[in-house]
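A.B. asks: Please find the sequence and the predicted model below.
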Amino acid sequence: MEIRTKALLDYEESSAYEIAIYMKDKGSPAMEGHCNIRVEVVDVNDNSPEIVLTSLSSPVQEDAPLGTVIALIRAKDNDSEENGQVRLEITRHIPFKLVSSFKGHYSLVTDGPLDREKAAGYNITVKATDSGLPPRATQKSIFIQVSDVNDNVPTFSIPSYVAHVEENTPPGTLVFSLSACDPDIGVNSK
């Protein structure tokens, strides 16, 4: 007797099957025997990890203190054991980091000073990789906008000016014109 599959098996749907087998001979009197077979499905790494953004606070003020939580992220993989173990990483050389709060849950927090005048936003790539062989990976991009605070003083093109005006010039005569710039935006730059 042979036992064969008649459909595709998926560990995530059913990890095992119980089969009861009864055999009856053709003798007289007929004799019957039985046995049970447990077929255990071996999981393969057939599912990619998923990245779920559960919360996002954007924009974030450029004066946000270190450790400010920007986003909550969950990583999951429907495979089992090593195939379902997921690790997250983010783009390097940015002022953010991932902090694991508990299994599969992470916080994206500030890890350095933000300066809207240097970077008005960050496109952060989150990569989830499972521990299966071969490993499977997924990426998700998160855009974090940095909002302005009034952290820059207005500056003039040169530190001091000299203006000449003739005596007896009538009141209201334009003596000199100058301008200043402030790298802040909106009302902070006026």
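C.D. replies: Yes, it's here.
A.B. asks: For T155, which residues count as its bridge partners?
C.D. replies: Going by DSSP bridges, T155 is paired in beta bridges with C181.
A.B. asks: Use 769 as the first number from now on
C.D. replies: OK, 769 is where the count begins now, so the last one is T923.
A.B. asks: what about it, distance to V917?
C.D. replies: T923 is 17 Å from V917, where distance means CB to CB, to the nearest Å. C-betas here are computed from N, CA, C, even on glycine.
A.B. asks: Now do the same contact list for the closest residue to T897 other than its chain neighbours.
C.D. replies: Distances taken as CB to CB, 6 or more residues apart in numbering place A905 nearest to T897, at 4.4 Å, with adjacent residues excluded. When the contact criterion is CB atoms under 8 Å, 6 or more residues apart in numbering, the partners of A905 are 816-817, 895-898.
A.B. asks: so when I look at E850, I'm seeing a helix, right?
C.D. replies: Yes. Secondary structure of E850 (DSSP: H, G, I helix; E, B strand; the rest coil): part of a helix.
A.B. asks: by contact count, what packs against the helix or strand of the chain with the lowest mean pLDDT?
C.D. replies: Using mean pLDDT, DSSP states H and E, strand 948-949 stands out as the lowest-scoring helix or strand of the chain, at a mean of 86. With contacts defined as 3 or more CB pairs under 8 Å, 6 or more residues apart in numbering; DSSP states H and E, strand 948-949 has these neighbours: strand 923-924.
A.B. asks: okay, the most centrally placed residue in the chain: pLDDT?
C.D. replies: Geometric centre of the chain, nearest residue: V894, 3.9 Å, by CA atoms, centre = their mean. pLDDT, V894: 97.
A.B. asks: That one belongs to a strand, doesn't it?
C.D. replies: Yes. Judged by three-state DSSP, V894 forms part of a strand.
A.B. asks: Name the nearest residue to it, sequence neighbours excluded.
C.D. replies: Per CB to CB, 6+ apart, closest to V894 is K908, 4.9 Å.
A.B. asks: And the residue of the chain positioned farthest from its centre, how close does it get to D879?
C.D. replies: Going by CA atoms, centre = their mean, the residue of the chain most distant from its centre is S796, 71.3 Å out. Per CB to CB, S796 is found 83 Å from D879.
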